[in-house]
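> Next come a sequence and a model predicted from it.
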Amino acid sequence: MLLTACNLKQDESDNSNEIRVNILLEDSKNNSFDINKRRTKLLSAYKINKTVNNETLKKDLLLKIIDQAINLKDSTLFINANNFRLLLSKKLNDTLSIGESLSRFGNYYFLKEEFDSAYIAYNQAYKLFDKIQNDYNTGKMLYGMGAIKSNLRDYTGSEVLAFKAIELLKPLKKNTSLLLCYNLLGINFSELKEYNKAIVHYNKALEYAKKITNQSFYREIGLNNLGLTYHHTKQYDHAISFFKEALNSQNLRKNDIDLYATLIDNLTYTQFLNGDTLQLEENFNKSLRIRDSIHNVSGVVLNKLHLAEFYISKSDTAKALSHTKDAHVLAKNVDNHRDRLEALKLLAKLDKKNAPAYLEEYIALNDSLQAQERAVRNKFTRIQYETDEYIEETKRLSQQNILISIIGGALVLVFALLYFIKRQKARNKELLLESEQQKINQEVYALMLKQQSKLEEGRLQERHRISEELHDGVLGKLFGTRVGLGYLTMENTISDPEEFKSYLHEIQQIEKEIRAISHELKHDILTSKADFASIIEQYVSNQSSLNNFNYTFNNNADLPWSAIEDEVKVSVYRIVQEGIQNIVKHAKATTVAISFNLTSESLHLTITDNGIGFDTKKHKRGIGLKNMASRVSKLNGKININAAKGQGTTITVTIPL
């Protein structure tokens, strides 16, 4: 009782803490609070969650806290919470949760452009998800590794991973993930200058964008990518139409101002290359102001490079040089190496005096980047190779083991064959004996039922005989005595009439009492219910006493047990035995209910327990359940097993009569 009370207190405490954590989480999502207050709310939720006793609940709440920390860009809380969840998941041996934590570390490092750490985290998560055959998360990890390879210009390797991801995600109809995969393929083919293939895959991404109902601007991103592809092929009119279509989307500026600024810059730059002159400088500066206001440094760099080209076309070298120098400094500050290289090329063209220094810096940076990319690619290849090598070694050992097993099995088979032949006759005899023994058992049980019925019949006959004896014998004698006394009063004089009346009254009372006893005995005879059901109940009662469980037994009064064939009764008895034995061995139940009902000329047996239950989809049926099903099948009946983990088990048997 004390342990139960402690558990109840812990459950109440956990429920209270869960509510508090969820309230704080909602507060952290409230945009009316400033960012610092929202982060403080989230940190409080994390601290309260640490006091939760139920580790599974704690782990699940941690995932919500981690995802919100990512949204609020709270790196410290994210790392602490995700590390804590990773350790807790390992303690619980929860493969899925371990993979989830690793995948989030991968996303975190990817956004920080720490691609080696991101790739390692993705690869570890990939192996875990693949092990438990979680195709959705496996596909997402393949996409993540493919995106990293694409960023490091390993476009062929990225393409392979993207197609593997699509193969897993397509049957699951994960539209957002499929869109990202096709978009990645479009980027890869575009970088490889296979623009026709890029257009095909960008269009597939757009098809999936139409199926997504959330507020993300996937369609507009796809239109932007198509516009850039046509831009690269110098089909500027097509590119302009896609950029304009994307800009016409409602609420784009309000909900994704970064994409809005990007589209304006891409549209204006394409119009500039197409020979348009209207409002170019104004639109370039409009995009630049937006990007500067939202601190999109890489976007500012690209804008300034486009403005530099625009001013070169206007022969305004001073402005062109100023924007190019700004772009070079900003790109260097944020490690935007691609645009930094473009800025160095443009500076060498504009600043003839310092051109050699810019070209030297360009060559050094380019060589350094190529060496770095090769090193990282080799590292990723090694990680993948080690994984593949491990898989191949496992396959090789498995094949070797299979070969050894086959040879060993063949030798064992040769030696066993003679032994088997020798044992077969003996086994046949044993089976014959077992079959005969089973028949004998059934006959004994049938005899037991008949004996029980005969005993009950004899007992009823004896009670009936006693009833008749009382009624016809004793009652008759008393009646004669009373009549004699009556005549005595008429023929003789009674000295004490009152005394005589009292004796007469007493005899009448005895007569009434005996008559009452006689009627009660006959009533009992008519209402006696001792039959097959009592045998079942007696068995359940004995098992209840031996195995410490409570039971209820309900028998439909309309069931014609005496008319039911002995074969059916034997099978029903065995089914109840198997059911009770399964409950005792596996269920850990404290309450068992047995009931018999009759509907539509069918006998219904229900066995219910409040035990630990089991998963009927994953759990293989044991011998007991198979025996029950076999017995029911022989009677042309049906058996249904309804069970769930922690919710007990109900077995329903229907047998036609």
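Cool, got the structure.

> And residue 65, which helix or strand is it part of?
helix 55-71 (DSSP states H and E).

> Return the set of buried residues in that helix.
Using 16 or more other Cβ atoms under 10 Å as the test for burial, helix 55-71 gives 57-59, 61-66, 68-70. C-beta here means a position set from N, CA and C on the backbone, and glycine is covered the same way.

> Following it in sequence, what is the next regular element?
helix 75-91.

> Pull up the per-residue confidence for residue 138.
Residue 138 is assigned 96 on the pLDDT scale.

> My guess is it contacts residue 168. True?
Yes: here residue 138 reaches residue 168: they are 5.8 Å apart, a contact under Cβ atoms under 8 Å.

> Packing partners of the helix holding residue 65?
Counting by 3 or more Cβ pairs under 8 Å, 6 or more residues apart in numbering; DSSP states H and E, the packing neighbours recorded for helix 55-71 are helix 2-28, helix 35-49, helix 75-91, helix 95-111.

> Pick the most deeply packed of these.
helix 95-111 (a mean of 20; mean count of other Cβ atoms under 10 Å).

> Helices of the stretch 151-300 of the chain, start to end?
155-169, 175-191, 195-209, 218-232, 236-247, 252-255, 257-273, 280-293, 297-313 (DSSP state H, counting those that start in this stretch).

> if we can go back for a sec, extract the CA atoms of the helix holding residue 65 and return them as CSV.
Output in CSV follows, covering the C-alpha atoms of helix 55-71 (Å, rounded to 0.1, in the frame of the first residue of the first chain):
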residue,chain,number,x,y,z
GLU,A,55,11.9,9.1,-17.9
THR,A,56,9.9,8.3,-21.1
LEU,A,57,7.7,11.4,-20.4
LYS,A,58,10.8,13.5,-19.7
LYS,A,59,12.4,12.3,-23.0
ASP,A,60,9.2,13.2,-25.0
LEU,A,61,8.9,16.7,-23.4
LEU,A,62,12.6,17.3,-24.1
LEU,A,63,12.1,16.9,-27.8
LYS,A,64,9.5,19.7,-27.8
ILE,A,65,12.0,21.9,-25.8
ILE,A,66,14.8,21.1,-28.2
ASP,A,67,12.8,22.0,-31.3
GLN,A,68,11.7,25.3,-29.8
ALA,A,69,15.3,26.1,-28.8
ILE,A,70,16.1,25.7,-32.5
ASN,A,71,13.3,28.1,-33.5
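
> what does that helix contact?
14, 18, 21-22, 25, 28-29, 42, 45-46, 49-50, 52, 75, 77-78, 81-82, 84-85, 88-89, 91-92, 94, 97, 100-101, 104, 107-108 (Cβ atoms under 8 Å, 6 or more residues apart in numbering).

> one more time with 7 Å, if that's ok
Contacting residues not belonging to helix 55-71 are listed as 14, 18, 21, 25, 28-29, 42, 45-46, 49, 52, 77-78, 81-82, 84-85, 88-89, 92, 97, 100, 104 [Cβ atoms under 7 Å, 6 or more residues apart in numbering].

> again, but for stretch 87-94
55-56, 58-59, 97-98, 101.

> how about a cut-off of 10 Å?
55-56, 58-59, 62-63, 85, 95-102 (Cβ atoms under 10 Å, 6 or more residues apart in numbering).

> Show me what the mean pLDDT comes to for it.
So the average pLDDT for stretch 87-94 ends up being 94.

> Okay, now the unreliable bits of the stretch 401-550 of the chain?
Residue ranges of the stretch 401-550 of the chain with pLDDT under 70: 401, 430, 433-504, 506, 509-510, 513, 515-531.

> Residue 640 is in what secondary structure piece?
Counting by DSSP H and E, residue 640 is part of strand 638-643.

> partners of whatever helix or strand comes next after that strand, with directions?
Sequence-wise, the next helix or strand downstream of strand 638-643 (DSSP H and E) is strand 649-656. If you go by DSSP bridges, strand 649-656 pairs up with strand 602-609 (antiparallel), strand 638-643 (antiparallel).

> Please spell out which residues along stretch 250-259 are buried.
252, 256, 259.

> quick one: contacts for the second one?
Applying Cβ under 10 Å, 6+ apart, we find residue 256 in contact with 215-217, 220-221, 249, 262-263.

> how much space between it and residue 250?
12 Å (Cβ to Cβ, to the nearest Å).

> which neighbours do residue 138 and residue 168 share?
129-130.

> re the thing from before, by how many degrees do the helix holding residue 65 and helix 95-111 diverge?
Calculated by axes from the mean of the first three to the mean of the last three Cα atoms, to 10 degrees, helix 55-71 forms an angle of 10 degrees with helix 95-111.

> Domain map for the chain?
For the chain, automatic domain parsing gives the domain ranges 1-93, 215-274, 428-528, 532-656.

> export the ones you listed to JSON lines and tack on distance to residue 414?
Shown next, in JSON lines, are these (distance: least, Cβ to Cβ, whole Å):
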{"stretch": "domain 1-93", "distance to residue 414": "43"}
{"stretch": "domain 215-274", "distance to residue 414": "66"}
{"stretch": "domain 428-528", "distance to residue 414": "23"}
{"stretch": "domain 532-656", "distance to residue 414": "31"}
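
> Deepest-packed of these, please.
Counting by mean count of other Cβ under 10 Å, domain 215-274 has the highest mean neighbour count of these, with a mean of 19.

> Please compute how far it lies from its chain's middle.
Per Cα atoms, centre = their mean, to the nearest Å, the displacement of domain 215-274 from the mean C-alpha position of its chain is 41 Å.

> same thing with stretch 147-165?
When distances are taken as Cα atoms, centre = their mean, stretch 147-165 is centred 30 Å away from the chain's centroid.

> May I see the buried residues of that stretch?
Buried, per 16+ other Cβ under 10 Å, within stretch 147-165: 147-155, 157-159, 161-162, 164-165.

> List just the nearest of the buried residues of helix 55-71 to residue 343.
The closest of these to residue 343 turns out to be residue 70 (Cβ to Cβ; 32.0 Å).

> quick one: the closest one from residue 110, how far?
In terms of Cβ to Cβ, residue 70 sits 12 Å off from residue 110.

> ok, now residue 12?
42 Å.

> list the contacts for residue 299?
The contact partners of residue 299, taken as Cβ under 10 Å, 6+ apart, are 258, 261-262, 265, 287-288, 290-292.

> can we see that at 6 Å?
For residue 299, the contacting residues are residue 291, by Cβ atoms under 6 Å, 6 or more residues apart in numbering.

> Repeat that for the one 4 residues further on.
If you count contacts by Cβ under 6 Å, 6+ apart, residue 303 has them with 265, 287-288, 291.

> Include distance to residue 355 and pLDDT when you put these into TSV, please.
Formatted as TSV, these follow (distance: Cβ to Cβ, whole Å; pLDDT from 0 to 100):
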residue	distance to residue 355	pLDDT
265	27	96
287	29	95
288	26	95
291	29	95
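
> Now list the buried members of those residues.
Of the contacts of residue 303, these count as buried by 16+ other Cβ under 10 Å: 265, 287-288, 291.

> Just the element for residue 127, please.
Counting by DSSP H and E, residue 127 is found in helix 115-131.

> Now tell me what touches that helix from outside.
Residues from elsewhere that reach helix 115-131, judged by Cβ under 6 Å, 6+ apart: 95, 98-99, 102-103, 105-106, 109-110, 137-138, 141, 144-145, 148, 376, 380, 383.

> For stretch 34-54, which outside residues touch it?
With Cβ under 6 Å, 6+ apart as the criterion, stretch 34-54 contacts 10, 14, 17, 20-21, 24-25, 27-28, 58, 61, 65, 68, 72, 74, 81.
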